[in-house]
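K.L.:
below are the sequence and a predicted model; questions follow.
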Amino acid sequence: MDKKKLQDQVAIVTGASSGIGAGIARALAREGARVVVNYSSSPDKAAEVLKEIHDGGGEGFTMKANVSREEDVQAMFAETIKRYGTVDILINNAGLQKDARFHEMTLEEWNQVIGINLTGQFLCAREAVKEFMRRGLVPERSKSVGKIICISSVHEVIPWAGHANYAASKGGVMMLMKTIAQEYAPQKIRINSIGPGAIRTPINYAAWQTPQAYNQLLKLIPAKRIGETEDVNGAAVWLASDDSEYVNGITLFVDGGMLLYPGFEDNG
């Protein structure tokens, strides 16, 4: 039997109880990783994801942690290391939207989105890097000392009226990722991002729930279909595996061409 791409590696997936995080958690488990299914407020959904992993022959556990709280993040890493000895892969996925017109946006709405989407990625990545450096290279598991994949968005590039907090958080994720990728590449730690476009998940339900909304959305996507979580899964497995060992500091956009300025597809 061929060795699975992530055999015996340990992965923490934040925000893994639904949507993109749940899909990535299942995909990593299929490739042999032991997966920590992190959640903040949906234990039942996290348990369902874990059951699917177990039913497929995989291994893992669920862990409640609010990634914007330093003590929660530290406890999650400590519990993972206690159970499995180390962490090899971090999927920095947890995120949310609190949309408002800019002049009506409250400080609470701003701080909550920045806290989860950006500060949460900082806290988790910091703990991951500490563990990677403590453990060092284990060549039989991976050519890299550790891998971090930040889930960003096309809105690290595309401005988004009515979503200033979200777009600012994703622009911050881009520069956080690139900066720490540059800083830790000499230690054989690889840090990259995935930038999804419109993916069919609960966070953007309003954009695809009706035929009218869906058809309006397709005007922004040259591929003329909404993305599915499965479209992101393969990118995550690739970036976490030795297949991408020389890839560091990129955002891999999974967006059906949304960044291709589709307004110009018929000559503008």
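P.N.:
Yep, that arrived. Predicted model, so just to flag it, every value in this text is computed and none were measured.
K.L.:
correct me, but residue 63 touches residue 78?
P.N.:
No. Residue 63 is beyond contact range of residue 78, at 10.4 Å (criterion: CB atoms under 8 Å). Where C-beta positions appear, they are placed from N, C-alpha and C, glycine not excepted.
K.L.:
so between these two, which is more surrounded?
P.N.:
Higher neighbour count among residue 63 and residue 78: residue 63, with 20 against 12, using other CB atoms under 10 Å.
K.L.:
my read is that one is in a strand, agree?
P.N.:
Yes. Looking at residue 63 with DSSP: H, G, I helix; E, B strand; the rest coil, it is inside a strand.
K.L.:
next up, the contacts around it.
P.N.:
Neighbouring residues of residue 63 by CB atoms under 8 Å, 6 or more residues apart in numbering: 36, 37, 38, 39, 76, 79, 80.
K.L.:
okay, those residues in a markdown table with pLDDT and neighbour count next?
P.N.:
Supplementary listing: the contacts of residue 63 in a markdown table, determined by pLDDT from 0 to 100; neighbours: other CB atoms under 10 Å:
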| residue | pLDDT | neighbour count |
| --- | --- | --- |
| 36 | 98 | 28 |
| 37 | 98 | 28 |
| 38 | 98 | 28 |
| 39 | 98 | 26 |
| 76 | 98 | 23 |
| 79 | 98 | 14 |
| 80 | 98 | 23 |
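K.L.:
out of those residues, which one sits closest to residue 145?
P.N.:
Of all the contacts of residue 63, residue 80 has the smallest distance to residue 145: 16.6 Å, by CB to CB.
K.L.:
can you tell me the SS state at the closest one?
P.N.:
Residue 80 is classified as helix under three-state DSSP.
K.L.:
pretty sure it is touching residue 36, no?
P.N.:
Yes. Residue 80 is within contact range of residue 36, at 5.2 Å (criterion: CB under 8 Å).
K.L.:
intersection of neighbour lists for those two?
P.N.:
Taking CB under 8 Å, 6+ apart as the contact rule, residue 80 and residue 36 both touch 10, 12, 63.
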